[in-house]
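**Student:** structure, please.
(one chain, ligands or ions: 2)
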Amino acid sequence: MLYRLKKAGYESYLVGGGVRDLLLGGKPKDFDIATDALPEQIKSLFGNSRIIGRRFKLVHVRFGREIIEVATFRSHHEQAETDEQGMMEDGLIIRDNVYGTLEEDAFRRDFTVNALYYNIADFSVIDYTQGMVDLKNRTLRMIGKTEVRLQEDPVRMLRAIRFAAKLGFHLEDSLKNEIQTQGERLDMVPAARLFDEILKLFMSGHAAQTFQLLMEFNLFPHLFLQTHDCMKGNNEYVQEFVLQGLVNTDKRIAEEKPVTPAFLFAVLLWPAVARHKASLLDSGLSPLQSLLVAGRDIISEQIPQVAIPKRFRQMMIDIWVFQARLEQRRGKRPVRLVTHPRFRAAYDFMLLRNQAGENIQELCDWWTHFQEANEGERHLMCKAQGGKKKHRRTRPGKNTSPDT
Ligand code: ATP
Ligand code: MG
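**Tutor:** Numbers count the residues shown, from 1 in each chain. Ligands and ions are numbered 1, 2, ... in the order given. Predicted structure coming up:
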């Protein structure tokens, strides 16, 4: 792609995570290209491409399974402050689709190590911001004045945490200090953008470390206020549960197993659901109903903060409600449950609750065994749970089954 752009008479460079990760000896997740060609010009050069624009106008070029992002050089908003394209409000960039030179493009980027340009004309790396020094010292440093750059776009705080976790870099002092005082600014970020960013934070294989940094820098409450409220009063189970869930997610990603955002969000919000469920149970709802109502309430409360798309919400609720259904082990129910499309996720979720210290080892073992058992054994297992309720009522006080 770089050569095709060059042949057509444009300047073009590999930039961002692609260059950074290659220089660090890692495997880039994706590639970004910066060029002086305009979006329409880029599009006309590549068949499999389309112009997209959420915050900026970019061109996505598909290469088999990969999508390469090609962006025209942009300048920093300051040059365009009076221009309607770069309007500002309380220091926040509303739109910054103002084209610029290569040098301007470098200075509008977030961190110095993300502003290195690989040049195919002479195989050199162009470095306007001392990014190579920071790369060697494994330092994440904001380009320009940290305070201002974080005000412009508070998501840069989350990006700092993400790169620190992923690369094992340390945050330069002003970055550390500013994140500690500017966390509240995340509340101004649109909920849909926070959802996208959370997926990047927790689905890139370093979720556990990311969570610990988010806690350390007090950013977690600005993403999951309800969960954070449950951590108050030294509630170790809550932190342990979330951490274990993220450790498992990292493991699955390392093993190249699929991870769904629904399971992830079910983990992240479970402490709040469980707490709310307890109060609904007290008010007389059944375990199943309390989970259903609690799940819906907690999701509704979360949506204004982080916009979880509709398609994931039902699966989250299913996973939660399943936690009550897994307790019902009599009769024919278990045979039906085990073939349910949500069973696997719900079972994994139950194991996680156990792992985090909930006292449900017997229940977990039972379901583990049940899945491996043949038809006859399954029948006996359910029978050992005490048979049907009606039958139990005929022998009050004599029931010695372990069913509780
Ligand atoms: P990775 O793709 O590994 O997550 P990346 O650094 O490539 O990391 P992208 O989100 O792909 O991150 O963005 C590509 C580049 O665009 C970044 O390296 C950075 O130079 C610039 N960039 C992205 N988001 C911002 C932002 N919010 N503010 C300033 N520059 C940004
Ligand atoms: Mg990238």
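**Student:** going by C-alpha atoms from here, please, whenever you check contacts or count neighbours.
**Tutor:** OK.
**Student:** near ligand 1, which residues of the protein?
**Tutor:** Contact residues, the chain versus ligand 1 (CA under 6 Å from any ligand atom): 16, 17, 18, 29, 30, 109, 110, 114, 115, 156.
**Student:** mind redoing it with 8 Å?
**Tutor:** When proximity is defined as CA under 8 Å from any ligand atom, the chain approaches ligand 1 at 15-18, 20-21, 28-32, 106, 108-111, 113-115, 153, 155-156, 159, 163, 200.
**Student:** residue in the stretch 201-350 of the chain nearest to ligand 1?
**Tutor:** Across the stretch 201-350 of the chain, no residue is closer to ligand 1 than residue 204, which sits at 8.3 Å (CA to the nearest ligand atom).
**Student:** wasn't that residue part of a helix?
**Tutor:** No. Under DSSP: H, G, I helix; E, B strand; the rest coil, residue 204 falls outside any helix and is assigned coil.
**Student:** one step back: for PyMOL, what selects the buried ones among the residues of the chain next to ligand 1?
**Tutor:** To isolate the buried ones among the residues of the chain next to ligand 1 in PyMOL, judged by 16 or more other CA atoms under 10 Å, type:
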select buried, resi 15+16+17+18+20+21+31+32+106+108+109+110+111+113+114+115+153+155+156+159+163+200
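**Student:** pLDDT weak spots in the stretch 151-300 of the chain?
**Tutor:** Low-confidence segments of the stretch 151-300 of the chain, defined by pLDDT under 70, are absent.
**Student:** just the helices in it please.
**Tutor:** Applying DSSP state H, counting those that start in this stretch to the stretch 151-300 of the chain gives helices spanning 155-167, 173-182, 191-202, 207-216, 225-231, 236-254, 261-282, 287-302.
**Student:** quick check: angle from the last one to helix 261-282?
**Tutor:** Helix 287-302 runs at 120 degrees relative to helix 261-282, counting by axes from the mean of the first three to the mean of the last three CA atoms, to 10 degrees.
**Student:** circling back to that earlier point, can you say which of the helices of the stretch 151-300 of the chain is nearest to residue 354?
**Tutor:** Comparison of the helices of the stretch 151-300 of the chain against residue 354 by CA to CA identifies helix 236-254 as nearest, at 9.0 Å.
**Student:** in the stretch 51-200 of the chain, which residue sits closest to ligand 2?
**Tutor:** The nearest approach of the stretch 51-200 of the chain to ligand 2 comes at residue 69, 8.1 Å away (CA to the ion).
**Student:** any idea how far residue 308 is from residue 156?
**Tutor:** To residue 156, residue 308 is 21 Å away according to CA to CA, to the nearest Å.
**Student:** excluding its backbone neighbours, what's nearest residue 200?
**Tutor:** Excluding the flanking residues, the one nearest residue 200 by CA to CA, 6 or more residues apart in numbering is residue 162, at 7.9 Å.
**Student:** residues near the one you found, how many?
**Tutor:** Residue 162 has 26 neighbouring residues, counting by other CA atoms under 10 Å.
**Student:** is the residue of the stretch 51-200 of the chain closest to ligand 2 bridged to anything, and to what?
**Tutor:** Counting by DSSP bridges, residue 69 forms beta bridges with residue 32, residue 60.
**Student:** residue 258 reaches residue 252, doesn't it?
**Tutor:** Yes. Taking CA atoms under 8 Å as the definition, residue 258 is a contact partner of residue 252 at 7.0 Å.
**Student:** these two: which has the busier surroundings?
**Tutor:** Legend: neighbour count by other CA under 10 Å for residue 258 and residue 252, higher for residue 252 (15 against 8).
**Student:** the more buried one and residue 264 touch, don't they?
**Tutor:** No. The pair residue 252 / residue 264 is not scored as a contact, 11.8 Å apart, by CA under 8 Å.
**Student:** list the residues that contact the most centrally placed residue in the chain.
**Tutor:** The centroid of the chain falls nearest to residue 199 when counting by CA atoms, centre = their mean (2.3 Å). Neighbouring residues of residue 199 by CA atoms under 8 Å, 6 or more residues apart in numbering: residue 261.
**Student:** now do residue 245
**Tutor:** By CA under 8 Å, 6+ apart, the neighbours of residue 245 are 264, 267, 352.
**Student:** and those, which is closest to ligand 2?
**Tutor:** residue 264 (22.4 Å).
**Student:** for that closest one, which residues are in contact?
**Tutor:** Counting by CA under 8 Å, 6+ apart, residue 264 touches 245, 246, 249.
**Student:** residues in the stretch 1-150 of the chain within reach of ligand 2, list them.
**Tutor:** 17, 30 (CA under 5 Å from the ion).
**Student:** rerun at 6 Å
**Tutor:** By CA under 6 Å from the ion, the part of the stretch 1-150 of the chain that sits against ligand 2 consists of 16, 17, 30, 31, 32.
**Student:** tell me which two in these are the farthest apart.
**Tutor:** It's 16 and 30 that sit farthest apart of those, by CA to CA, at 9.3 Å.
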